[in-house]
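Trainee: quick one: sequence plus predicted model below, questions after.
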Amino acid sequence: MQAEAYDAIVIGSGQGGAPLSIALAKGGWKTAIVERGDIGGTCVNVGCTPTKTMVASARVAYLSRRSEDYGVDSGPVKVSMSAVRKRKQKIVESFREGGLKNIEKTQGLDLLKGEARFNGPKSLEIILSEGGMRLVTAEKIFINTGARPAEPTVPGLDTVATLDSTSIMELEILPEHLLVMGGGYVGLEFGQMFRRFGSQVTIIHRGDHLLRHEDPDVADEVARILEEDGIKVLLNSQVLRAQGDDTSVNLIVRTPKSETTLKGSHLLVAVGRRPNSDRLNLQSAGVETDEHGFIKVNDQLETNVAGIYALGDVKGGPAFTHISYDDFRILRTNLIEGSHATTKGRLVPYTVFIDPQLGRIGITETEASNQGLDVLVAKLPMSSVARAIEMSETCGFMKAIVDAKTKQILGCAVLGIEGGELMAMFEIAMMAHLPYTVLRDAIFAHPTLAESLNNLFKAMAE
């Protein structure tokens, strides 16, 4: 079989791969993009878009139950999981179709539907979805194959029905009691979501605190908010084994107090993700991975094999859509524009879409302490924010870490209403290298959440 030569081949149409393929083609490169599933990757199909769509539905149910707090009688709340799913699917399909159209209308870009695997350093075989195989080669190959839910090794787990972050969004009925293994971003978002839909929810987490990358005071406040929602949170707890039948699942769990059996109707396993690198036959190309299968890259996203790059979740590091997109921008800058962009020193913002949101950027207070930095800590409860009080959304707090000498903001956590949006204000100040005093003394419109930055930093000076 004769191999077809391209200038560039992109494997995967996620939030880094799709725009990269379009940019390369528009830059005059003969380009192919290979996709074995749906256009858009994890974010559009099974990640950000569908989950945040469902989070919005759960918040409406939550506010409906709280309507009397605002002087409104809305009556009994009923949630139709079928309608929630249909709304989610409609939005996903619109995003997916938009991405497909952008690829199809780009001249010089071929979409190959199928699964790619290396059969040499710069050669791939594509097992086509419609049947058959194609051989393709290119001097530049970009791997954007993402990651998938990890499967923990727990005795008996393979004998019971489990849900992951993809399958749980396809439920047509509401779980009576949802057990959640894992207290990370995924477990907390789905746990709170289904509690607000009406399920009983129990979260089992091995660590001392939820969200292991956050400061203890932030994690403890998150746990308090979840428990206020009616979620049972078990910390320092380990699932020893699983049992079940057609109607229920039992988890035998060791807690700090005793060994106990939890009985649920459904089980969500949310204990991390593993890279989709195992079916690429990377050894044929000589591409190195770490012990977990994540592809090793340098600060310009190139692997140990010249001309082969990896971007997005498959390379490890922060697994966020916006990081994958920034990876694309780095590659576009370097390969098309001829510059020298790197991943060094880039700020990594993220938002955990529990309610209220947790917006985070920069270092935590714990990290500052571990690094021996001389810092000031500003902290303000949302119960002291006028706009939050007016909205009856006073859970949480905001917290900023500031270099004591330079007055530069080093990081922040905003656990509160629209925490992700407020965090972005800190990020802009950090990117502009503004001292915290600029935010302290700025005039922000009243009454907005933004004006709380005045009081946050004023309190630090006092």
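Mentor: Arrived safely, thanks for sending. For clarity, every value in this text was computed on a predicted model and none was experimentally measured.
Trainee: going forward, measure contacts and count neighbours with C-alpha atoms only.
Mentor: Will do.
Trainee: check what pLDDT residue 293 gets.
Mentor: The confidence metric pLDDT takes the value 98 at residue 293.
Trainee: wait, a helix at it?
Mentor: No - counting by DSSP: H, G, I helix; E, B strand; the rest coil, one finds residue 293 to be coil, located in no helix.
Trainee: that one contacts residue 280, doesn't it?
Mentor: No - counting by Cα atoms under 8 Å, residue 280 is not a contact partner of residue 293; they are 11.0 Å apart.
Trainee: nearest to the spatial middle of this structure, which residue is it?
Mentor: Per Cα atoms, centre = their mean, the C-alpha nearest to the average position across the chain is that of residue 320, at 4.8 Å.
Trainee: picking that back up, and residue 293 and residue 280? Which one has more around it.
Mentor: residue 280 (19 against 16; other Cα atoms under 10 Å).
Trainee: let me see the contact set for the more buried one.
Mentor: 116, 117, 118 (Cα atoms under 8 Å, 6 or more residues apart in numbering).
Trainee: from residue 46, how far out is it?
Mentor: Using Cα to Cα, to the nearest Å, residue 280 is found at 21 Å from residue 46.
Trainee: again with residue 402
Mentor: Computed as Cα to Cα, the residue 402 to residue 46 distance reads 37 Å.
Trainee: of those two, which one has the most company?
Mentor: Set residue 402 next to residue 46 and count neighbours by other Cα under 10 Å: residue 402 wins out with 26 against 17.
Trainee: you'd agree that one is up against residue 433?
Mentor: No - applying Cα under 8 Å as the test, residue 402 and residue 433 come out as separate, 11.7 Å apart.
Trainee: give me the common contacts of the two.
Mentor: By Cα under 8 Å, 6+ apart, the residues touching both residue 402 and residue 433 are 408, 409.
Trainee: how about stretch 99-106: buried residues?
Mentor: Using 16 or more other Cα atoms under 10 Å as the test for burial, stretch 99-106 gives 99, 100, 103.
Trainee: so where do the helices sit in the chain?
Mentor: Taking DSSP state H as the criterion, the chain carries its helices at 17-26, 41-46, 48-65, 81-104, 185-197, 216-228, 282-285, 321-335, 365-370, 386-390, 419-431, 436-441, 452-461.
Trainee: between those helices, which gets nearest to residue 265?
Mentor: Among the helices of the chain, helix 185-197 comes nearest to residue 265, with 12.7 Å by Cα to Cα.
Trainee: now the closest one and helix 48-65, what's the angle there?
Mentor: 30 degrees (axes from the mean of the first three to the mean of the last three Cα atoms, to 10 degrees).
Trainee: tell me the helices and strands packed up against helix 185-197.
Mentor: helix 48-65, strand 177-181, strand 200-204 (3 or more Cα pairs under 8 Å, 6 or more residues apart in numbering; DSSP states H and E).
Trainee: now for the ones you listed, which one comes closest to residue 426?
Mentor: Closest to residue 426 of the helices and strands packed on helix 185-197, according to Cα to Cα: helix 48-65, at 22.7 Å.
Trainee: so what does the closest one touch, helix or strand wise?
Mentor: Packing partners of helix 48-65 (3+ Cα pairs under 8 Å, 6+ apart): helix 41-46, helix 81-104, helix 185-197.
Trainee: on that earlier part again, can I assume the residue nearest to the centre of the chain is in contact with residue 352?
Mentor: No - contact status for residue 320 versus residue 352: not in contact, 10.9 Å apart, counting by Cα under 8 Å.
Trainee: OK, contacts around the closest residue to residue 104 other than its chain neighbours?
Mentor: Residue nearest to residue 104 in three dimensions, not counting chain neighbours: residue 111, with 7.4 Å by Cα to Cα, 6 or more residues apart in numbering. Contact analysis of residue 111 by Cα under 8 Å, 6+ apart lists 32, 33, 34, 35, 103, 104.
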